[in-house]
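Asker: what follows is a protein structure lacking sequence information:
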Ligand SMILES: Nc1nc2c(ncn2[C@@H]2O[C@H](COP(=O)(O)OP(=O)(O)OP(=O)(O)O)[C@@H](O)[C@H]2O)c(=O)[nH]1
């Protein structure tokens with residue numbers, strides 16, 4: 001019998017640091033090759049462009065949540081990968097809104113996948129700043145912690161010691177078993193997150209006795225939606241930063257996550273903008289492809305999103 005390929009699921013709420021961890025894994029010298037599957041909540045894929053340009057092939061699954069409508073896609077991608085086997089492991093980055101249970105279920109209830117792969121661990125990245133709010137407002141945040149084999153308590157640079165203890169207490173109340181590693185920018189030794197052989201079916205059955213029954217009945221917070229904006233006209237960087245900064249200051253409670261790749265007038269590089277609630281961050285990512293279209297794309301995920309106002313605000317940032 002051929003060895004089962006280990007699969008690591010990277011999960012965690014919107015903006016916690018999953019792509020940061022994925023990039024860390026892909027850039028570090030470990031001599032292993034990974035197939036990477038990235039799933040996003042918004043219909044416009046941004047993450048595949050934010051994942052470092054490593055040798056690894058990236059399979060993108062957009063327009064739906066990995067735990068719901070696109071599970072068939074996941075099985076298809078996994079089946080295709082199984083035929084090749086030219087890699088040592090599979091990494092799956094879920095959307096920030098995913099419930100990890102049905103993702104884990106795929107590795108047990110689909111026979112072909114179950115025979116050829118082995119769920120090594122569910123690694124949950126936690127945003128030390130926003131976890132308390134996320135736990136109060138979205139049940140997915142608690143599910144991601146409950147199913148974790150390892151938890152990265154990330155963004156420790158932004159929270160004081162008392163705040164970190166408080167967040168750790170909340171994590172422990174949901175999952176007393178998983179190891180908690182404190183991190184800044186997901187800077188942990190990779191042997192603490194990969195090759196752990198940590199996923200335990202028994203523990204999962206304790207949390208969810210019908211885990212092996214196939215269909216997983218779960219609901220998402222219907223209030224959380226996404227809006228994607230696109231344009232080919234270059235944007236004025238000053239106008240954009242002014243608008244975006246004010247938007248997050250005023251609506252950052254409701255705008256849980258924002259991210260984009262922008263075509264700024266006067267620059268040949270792609271500009272990446274990142275927002276997690278009110279915190280924003282931006283940097284140049286490298287040149288646009290030589291003969292490709294320079295299309296800006298911006299995605300908002302949150303509650304009560306006013307698509308008209310967002311569209312108008314964005315369009316007003318066009319360079320003259
Ligand atoms: N200050 C600080 N910022 C961080 C840290 N880790 C990640 N970030 C920033 O947080 C933002 C979100 O990080 P990502 O890695 O894209 O988060 P994600 O979980 O992949 O986000 P989604 O996939 O959209 O849910 C980015 O701007 C990161 O640079 C950290 O430890 N400290």
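Answerer: Sure, I can see it. Computed from a predicted structure; not experimentally measured. Numbering: from 1, shown residues only.
Asker: which residues does residue 32 contact?
Answerer: Residue 32 makes contacts with 88, 89, 194, as judged by C-beta atoms under 8 Å, 6 or more residues apart in numbering. Every C-beta, even on glycine, is put in place using the N, C-alpha and C of the backbone.
Asker: any idea what sits nearest the second one, other than its immediate chain neighbours?
Answerer: Okay, so that is residue 89. residue 6 (4.6 Å; C-beta to C-beta, 6 or more residues apart in numbering).
Asker: looking at the sheet around that neighbour, what are its partners?
Answerer: Beta-bridge pairing for residue 6 (DSSP bridges): residue 118.
Asker: give the buried residues for the helix or strand containing residue 230.
Answerer: Using DSSP states H and E, the element containing residue 230 is strand 225-231. Going by neighbour count (16 or more other C-beta atoms under 10 Å), the buried part of strand 225-231 is 226, 227, 228, 229, 231.
Asker: same question for stretch 260-271.
Answerer: For stretch 260-271, by 16+ other C-beta under 10 Å, it's 260, 261, 262, 263, 264, 270, 271.
Asker: also stretch 299-316?
Answerer: Going by 16+ other C-beta under 10 Å, stretch 299-316 has these buried residues: 299, 300, 301, 302, 303, 305, 310, 313, 314.
Asker: next one: the residue in the stretch 51-200 of the chain that the ligand sits nearest to from residue 127, what distance?
Answerer: Nearest to the ligand in the stretch 51-200 of the chain, going by C-beta to the nearest ligand atom, is residue 96, at a distance of 3.1 Å. For residue 96, the distance to residue 127 equals 9 Å [C-beta to C-beta, to the nearest Å].
Asker: shaky segments in the chain?
Answerer: 1-2, 42-45, 53-56, 62-70, 214-221 (pLDDT under 70).
Asker: since we're on the residue in the stretch 201-320 of the chain positioned nearest to the ligand, how many residues are nearby?
Answerer: Checking the stretch 201-320 of the chain residue by residue against the ligand with C-beta to the nearest ligand atom singles out residue 274 as nearest, at 3.3 Å. Using other C-beta atoms under 10 Å, residue 274 has 17 other residues around it.
Asker: need the nearest residue in space to it, chain neighbours excluded.
Answerer: Nearest residue to residue 274, sequence neighbours excluded (C-beta to C-beta, 6+ apart): residue 281, at 4.5 Å.
Asker: quick one: list the elements packing against the helix or strand hosting that neighbour.
Answerer: Assigned by DSSP H and E, residue 281 falls within strand 279-287. If contacts are counted by 3 or more C-beta pairs under 8 Å, 6 or more residues apart in numbering; DSSP states H and E, strand 279-287 sits against helix 237-251, strand 269-276.
Asker: repeat the analysis, applying 6 Å as the threshold.
Answerer: Contacts defined by 3 or more C-beta pairs under 6 Å, 6 or more residues apart in numbering; DSSP states H and E place strand 279-287 against strand 269-276.
Asker: does residue 97 touch residue 138 like I think?
Answerer: No. Applying C-beta atoms under 6 Å, one finds residue 97 not in contact with residue 138, separated by 7.7 Å.
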